[in-house]
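Peer 1: Test case, fold it:
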Amino acid sequence: MDELKGTVEAIVYAQPENGFTVARLKEPGKKEFTVIVGCIPALQPGEAVCCRGAWKVHPSHGRQFEVADYTVEMPSDLAGIQKYLESGLVKGIGPVFAKKIVDLFGTQTLQVIEETPHRLYEIAGLGEKKVEKLKSCWKEQRFIRDIMIFLRTYGVSPAYAQRIYKVYGEQSIAKVQENPYNLAKDIFGIGFKLADAVAQKLGFALHSPERLSAGIQHVLWELAGEGHTCYPEADFLPLATATLEVDVSLLEGVIQSLVTKKALVRKAPLLWLGSFFSYEQGIAQSFLRLKEHAQKIRQIDTERAADWAQEKLRIRFADQQRQAVIQALTDKVHVITGGPGTGKSTITNAILGVTLKLTDKVLLAAPTGRAAKRLTQITHRKAFTIHALLEMDFASGGFKRGADNPLDCDLLIVDEASMIDTALLFHLLRALPGDARLLLVGDIDQLPSVGPGTVLRDVIQSSLVGVTRLTEIFRQARGSLIITNAHRINHGEFPSIDTPPESDFHYIEAETPEAIQQVILELVSKEIPARWNLDPFDEIQVLSPMKRGVIGAELLNESLQTLLNPSQTPLFRAGRRFHVGDKVMQIQNDYDRKVYNGDIGRIGTIDPSEQTVVVVFDERNVSYDFSDLDELVLAYATSVHKYQGSECPCIVIPVHTSHFKLLHRNLLYTAVTRGKRQVYLVGTKKAIAIAIHNDQVQNRYTGLEAALRSCASRGCT
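Peer 2: Numbering: from 1, shown residues only. So this is what the prediction gives:
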């Protein structure tokens, strides 16, 4: 094995996920730079490295040194120290301050930062904030480097080092050694398999209680990711034994132990994670509490109120709509469900108008920011996301609003209720005072929530609360092919696709995924903007049933990014390429930043010195560290699930038999109903027909309907 020593001149390419790096090395006494390649995570310009490996000749890039192993030393010469400081390693210290620091302290610079950082105040212009930031970054980077070296021993990507440090701090290595299975629970992106691999290298046995306990809960969390709040134990055991590769007899005792500890709940034939069982029982108790408690709003003549609302809105209600208004003004808890064009918005405005004559304590909410914004536009009254309404408590990780600090309202109206998952409904109902009324509005035929549960469906089927089902299309909506075709799809009928050019619904036939992709790129970049005067970033949204494949969201995003927003200075992070101006989506709830799963924004700035990316969400600037960019994905194209509750002037949908597993009626119905002004289907008639005839809604195991029925029969409070 050959050995090579030198100073890192520049990083040509770095892939944070696996540590693969291409760098230029300055060897002592040589004029030409040497290219080194290999797994060399977190390498910084200016560092001195000793590499062991072999020389190779790359067919395109020529002679390179392939690194098998290496050691790193801090730079010792002035040029190396300055390059090291200005590399972006320490946030806020760019070339100007790096030169000032090195000019004053010379070769003792790094020693000063390490041992006597107070001397940095001697640098003109380097104030207290910058010095404190430099000190904390320096300390953090030292620990992160140690974690990277530790993780490398156990085959874990260096990209996780910073995340582990953020959660565990200076105890990171000790905590991983103590119980590596906690990584799967505590660190976003590290699953059970990776944690298990670390554990086994650390000497944890296949049948160790820590492993079996973590694995059982992992499988249930995986099932929760598919929408289940509970699962039949008979079907669960084969999944768990396959994951853990142990005999089923070993699992039964561990399951019972977890049940005893209340980490799991077993009510034959089902098995719950303890938290989801508590959520479902809590929801049932909250609904009964609301139903049985006297309401604060005084009783009124609802028939006269409906007449007044008609005059106020200058409309005439259809029979179903009138009945919905009357029932929602009568019932303590009421659900209104119906498809597009059935008048849900009109009814909401009518109920709101009447109630505001009785009280000003009315709150409006929706599960997502875009749905809340739309509700605001419909009602001309401020609507909140449910998370914002409940006020996140960053100290506890929960919500400030709850049973001890309820919402100050007499009526709460929640739109897009089909999107609410089990945990969120639990917290919302806990925060609702007993004397308040609750109105849930949603479309039961849309896709269920991204999170676990089918709460709107379960509430309706439980018969515990009043329900109005709207089926008649409002007269003004009948002229829209988007709406009429959406209802045809929902009824299992093929949509009208031979439409005139001026129609709001279009079908373009393309047989292969490659042909579909080309049509979509042409539509989004040229034809739709030119024909309908729509902005390709803010007013056109591609919705794909799948993530992968030629017409999956991932490749469509890459193609659309290159076409609509090219850049000569991309940022590569989290396996993705980001450009200033990119359309991006948040893919997990981030309570610190107050951005939530499904929120869409635009990248405003990328700052390599500060290692931050600023994303603009609804005119609000949100800053991300480079290490947090796994929370963002490109959003030129996205999944139908992720776009639930949102609308866009123009929706473009690829439909092809390669998406066979996900071609469901409710998915196509949900996708089409996202379009406000134009909808384009691109693909094959066969794929459309498959989706329409597949009305098998993916079964989700939940215990909420049973909990609601049981709670009502027992009269629990």
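Peer 1: In the stretch 1-150 of the chain, where is pLDDT below threshold?
Peer 2: 16-18, 87-92 (pLDDT under 70).
Peer 1: Show the residue spans covered by the helices in it.
Peer 2: Taking DSSP state H, counting those that start in this stretch as the criterion, the stretch 1-150 of the chain carries its helices at 78-84, 95-105, 109-115, 128-153.
Peer 1: Most tightly packed of these?
Peer 2: Sort the helices of the stretch 1-150 of the chain by mean neighbour count, taking mean count of other Cβ atoms under 10 Å, and helix 78-84 sits at the top with a mean of 20. In short, each C-beta sits where N, CA and C put it, glycine included.
Peer 1: Can you give me the pLDDT of residue 165?
Peer 2: Looking at residue 165, its pLDDT is 85.
Peer 1: what's residue 509 sitting at in phi/psi?
Peer 2: The phi/psi pair for residue 509 (degrees, to the nearest 10) reads phi -80, psi 130.
Peer 1: Tell me where the stretch 501-650 of the chain is predicted with low confidence.
Peer 2: Using pLDDT under 70, the stretch 501-650 of the chain drops low at 574.
Peer 1: pretty sure residue 212 is in contact with residue 251, am I right?
Peer 2: Yes: if you go by Cβ atoms under 8 Å, residue 212 and residue 251 touch, sitting 6.4 Å apart.
Peer 1: Overlap of the contact sets of those two?
Peer 2: Taking Cβ atoms under 8 Å, 6 or more residues apart in numbering as the contact rule, residue 212 and residue 251 both touch residue 244.
Peer 1: burial of residue 233, as a residue count?
Peer 2: 17 (other Cβ atoms under 10 Å).
Peer 1: That one touches residue 270, doesn't it?
Peer 2: Yes: Residue 233 is within contact range of residue 270, at 6.8 Å (criterion: Cβ under 8 Å).
Peer 1: circling back: of residue 212 and residue 251, who's got more company?
Peer 2: Neighbours were counted for residue 212 and for residue 251 using other Cβ under 10 Å; residue 212 has more, 23 against 20.
Peer 1: What backbone torsions are found at that one?
Peer 2: phi -70, psi -40.
Peer 1: give me every residue that touches residue 248.
Peer 2: 237, 238, 240, 241.
Peer 1: Over to residue 215?
Peer 2: Residue 215 touches 192, 196, 240, 243, 244, counting by Cβ under 8 Å, 6+ apart.
Peer 1: isn't the third one right up against residue 214?
Peer 2: No: counting by Cβ under 8 Å, residue 214 is not a contact partner of residue 240; they are 11.3 Å apart.
Peer 1: Nearest to residue 266 among the contacts of residue 215?
Peer 2: For those, the residue nearest residue 266 by Cβ to Cβ is residue 240; the value is 13.7 Å.
Peer 1: Please work out which residues outside the host helix or strand of that closest one touch it.
Peer 2: According to DSSP states H and E, residue 240 maps onto helix 233-244. Helix 233-244 has contacts (Cβ under 8 Å, 6+ apart) with 192, 206, 211-212, 215-216, 218-220, 223, 247-248, 251, 266, 268-271.
Peer 1: No more questions from me, cheers.
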